[in-house]
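In: Attaching a predicted model along with its sequence, questions to come.
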Amino acid sequence: MENKVKLKGKAQMTVNGRTAEFPVYSGTLGPDVVDIGTLYKQADVFTLDPGFTSTGSCESQITFIDGDEGVLLHRGYPIDQLAEKSSFLEVCYLLLHGELPNESQAKTFNTTITRHTMLHAQFDRFFEGFRRDAHPMAVMVGAVGALSAFYHDSTDINDPVQRLVASHRMIAKMPTIAARAYKYTSGQPFVSPRNELDYASNFLRMCFSVPAEDYAVNPVLARAMDRIFILHADHEQNASTSTVRLAGSSGANPFACIAAGIACLWGPSHGGANEAALKMLSEIGTVDRVHEYVKKAKDKNDPFRLMGFGHRVYKNYDPRAKVMQKTCHEVLKEVGAESDPLLPVAMELERIALSDEYFIEKKLYPNIDFYSGITLKAMGFPTDMFTVLFALARTVGWIAQWQEMIEDPTQRIGRPRQIYTGAPRRDYVPMSQRG
Ligand code: CMC
């Protein structure tokens, strides 16, 4: 990656009587940054920023977010335009290569991905090691980590060709692995990929087709699936992407790095929120109980939070949630799930949260997970598959960010510091003398 930051000026900081000077850089969009990389050398102090709310970790040219304005751009293109006009594989190409593909590039890319969808036959036996009631995300962490044991010829991170092959393999095989994780827990036979189907249709077929009857892909659901993949494809330096970059900074192979990202995504504050949102709707159960839960969410002494509301970065609205809301209604209409008893609960929760002073003041809007949970349920996915679908879609973002990191000449192993507040130095006390 060619570094493109522009020097804008200088910043000074005086600590403990020592003044340190730092360059201030501008990117293409977004706030300027102060490069404090030499702070320790100049002033003998570290910065402390738990949760990294004011800390950038890298230079990137892939995704831009303006949380205050509700903007999300991939390589400069707004997410709503991509969701409306593009396809997931085109977005994958864009994220990986920086530009939208022309006709022949798109054809070659689609063929390449299609040709990598199958898994090594021995890999299927690997699934059998898991208990049938394992959470599919547990299976994903293990199975994706195991790819490095099957595809040795794409683990040399210093070879650009191997890096690209690993990227293609990951994007292509993730739907096959995700569908197998689902089939395994439901006790149904695995369904092989079909090369004549598009990416989303192929995935739906691998999940829902059974040998006993023909399966016709519903085009409305396939389009919705593709859109859900686009909306989750990348999201700048979030927790799981930062995990992938941090794991990769040590030189770990790409399959191991993506497995680390999947593990991080699993948490309910991140990718697990759509599953948590649906569980919460089921727990609320009926519209008359919504107020009780809103009260709980506002109570400072109650740790309960409304799942599917709020976002670390979007403090105005989540631009993905807007598209997802529309897709949600299209799917509900198509499958006739508008009679789902959870839907009125969801709509009442949305109405109250959008008009309640607490939520308005704290800028807690419904996020993408609120709508994607309802949509995926209507499409027939069980709740524990929701985060798996997020992982499938986010794989391209992780791999594009990993590639960018490896190609960055300024890249070093990630190694944060700390403020130590534990015991000062003390001498070992033999057990007989301890109180
Ligand atoms: N329900 C009730 N109160 C909330 C919620 C919520 N969902 N989210 C934040 N708050 C309150 C919080 O109690 C705090 O109040 P106070 O200032 O009085 O202490 C204030 O809002 C700020 O919260 P925060 O924890 O400092 O915000 P954060 O930026 O660290 O957390 C979040 C962001 C997404 C983790 C959080 O909003 C949350 O836990 N939401 C529910 C889980 C969820 O839906 N996560 C999916 C995020 S989108 C998908 C993704 O990118 O992975």
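Out: Here it is on my side, so go on.
In: contacting residues for the residue of the chain found nearest the ligand?
Out: In the chain, the residue that lies nearest the ligand is G310 (2.4 Å; CB to the nearest ligand atom). For the C-beta atoms, the positions are set from N, CA and C on the backbone; glycine is no exception. Counting by CB atoms under 8 Å, 6 or more residues apart in numbering, G310 touches 362-365, 367.
In: Give me the buried entries from the residues you listed.
Out: When these are checked for burial by 16 or more other CB atoms under 10 Å, the buried set is 364-365, 367.
In: Can you redo these as CSV, where the extra columns are distance to G261?
Out: As requested, these are exported to CSV (distance: CB to CB, whole Å):
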residue, distance to G261
L364, 26
Y365, 26
N367, 19
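In: closest to M137 among those residues?
Out: For the buried ones among the contacts of G310, the closest approach to M137 (CB to CB) belongs to N367, at 19.3 Å.
In: Which one of the contacts of G310 is nearest to R320?
Out: N367 (7.9 Å).
In: does the closest one really touch M307, like I thought?
Out: No - N367 is beyond contact range of M307, at 9.4 Å (criterion: CB atoms under 8 Å).
In: Common neighbours of the two, please.
Out: Both N367 and M307 are contacted by A273, under the criterion CB under 8 Å, 6+ apart.
In: what comes up buried for stretch 270-289?
Out: Under 16+ other CB under 10 Å, the buried positions of stretch 270-289 are 270-281, 284.
In: V429: which of these is nearest?
Out: For the buried residues of stretch 270-289, the nearest to V429 is H270 (42.4 Å; CB to CB).
In: Quick one: residues contacting the closest one.
Out: 238-240, 264.
In: Give the buried residues for the lowest-mean-pLDDT helix or strand in the chain.
Out: Scoring the helices and strands of the chain by mean pLDDT, DSSP states H and E places helix 342-355 at the bottom, with a mean of 87. Neighbour counts over helix 342-355 (16+ other CB under 10 Å) mark 342-343, 345-346, 348-350, 352-353 as buried.
In: likewise stretch 305-316?
Out: In terms of neighbour count (16+ other CB under 10 Å), stretch 305-316 has its buried residues at 305-311, 313-315.
In: Next, format those as JSON lines and append secondary structure and pLDDT.
Out: Shown next, in JSON lines, are the buried residues of stretch 305-316 (DSSP: H, G, I helix; E, B strand; the rest coil; pLDDT from 0 to 100):
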{"residue": "R305", "secondary structure": "coil", "pLDDT": "92"}
{"residue": "L306", "secondary structure": "coil", "pLDDT": "91"}
{"residue": "M307", "secondary structure": "coil", "pLDDT": "90"}
{"residue": "G308", "secondary structure": "coil", "pLDDT": "89"}
{"residue": "F309", "secondary structure": "strand", "pLDDT": "91"}
{"residue": "G310", "secondary structure": "coil", "pLDDT": "89"}
{"residue": "H311", "secondary structure": "coil", "pLDDT": "88"}
{"residue": "V313", "secondary structure": "coil", "pLDDT": "86"}
{"residue": "Y314", "secondary structure": "coil", "pLDDT": "88"}
{"residue": "K315", "secondary structure": "coil", "pLDDT": "82"}
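In: for the closest residue to E350 other than its chain neighbours, phi and psi?
Out: Closest residue in space to E350, ignoring its immediate chain neighbours: P366 at 5.5 Å, by CB to CB, 6 or more residues apart in numbering. When quoted as degrees, to the nearest 10, the phi and psi of P366 stand at phi -60, psi 130.
In: Beta-bridge partners for P366, please?
Out: Counting by DSSP bridges, P366 forms beta bridges with F309.
In: wait, it sits on A353?
Out: Yes - assessed by CB under 8 Å, P366 is found in contact with A353 at 6.7 Å.
In: which residues do those two both contact?
Out: Here P366 and A353 share the contacting residues F309, scored by CB under 8 Å, 6+ apart.
In: Now the lengthiest helix in the chain: average pLDDT?
Out: Selection of the longest helix in the chain by residue count, based on DSSP state H, yields helix 160-186. For helix 160-186, the mean per-residue pLDDT is 96.
In: residue ranges for the strands of this structure, please.
Out: 6-15, 18-26, 33-34, 63-66, 71-74, 77-78 (DSSP state E).
In: Now render those as JSON lines, adding mean neighbour count, distance to the ligand and mean pLDDT.
Out: Listed next are the strands of the chain as JSON lines, based on neighbours: other CB atoms under 10 Å; distance: least, CB to the nearest ligand atom, whole Å; pLDDT from 0 to 100:
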{"stretch": "strand 6-15", "mean neighbour count": "11", "distance to the ligand": "26", "mean pLDDT": "96"}
{"stretch": "strand 18-26", "mean neighbour count": "15", "distance to the ligand": "25", "mean pLDDT": "97"}
{"stretch": "strand 33-34", "mean neighbour count": "18", "distance to the ligand": "20", "mean pLDDT": "98"}
{"stretch": "strand 63-66", "mean neighbour count": "19", "distance to the ligand": "10", "mean pLDDT": "96"}
{"stretch": "strand 71-74", "mean neighbour count": "20", "distance to the ligand": "11", "mean pLDDT": "97"}
{"stretch": "strand 77-78", "mean neighbour count": "14", "distance to the ligand": "18", "mean pLDDT": "98"}
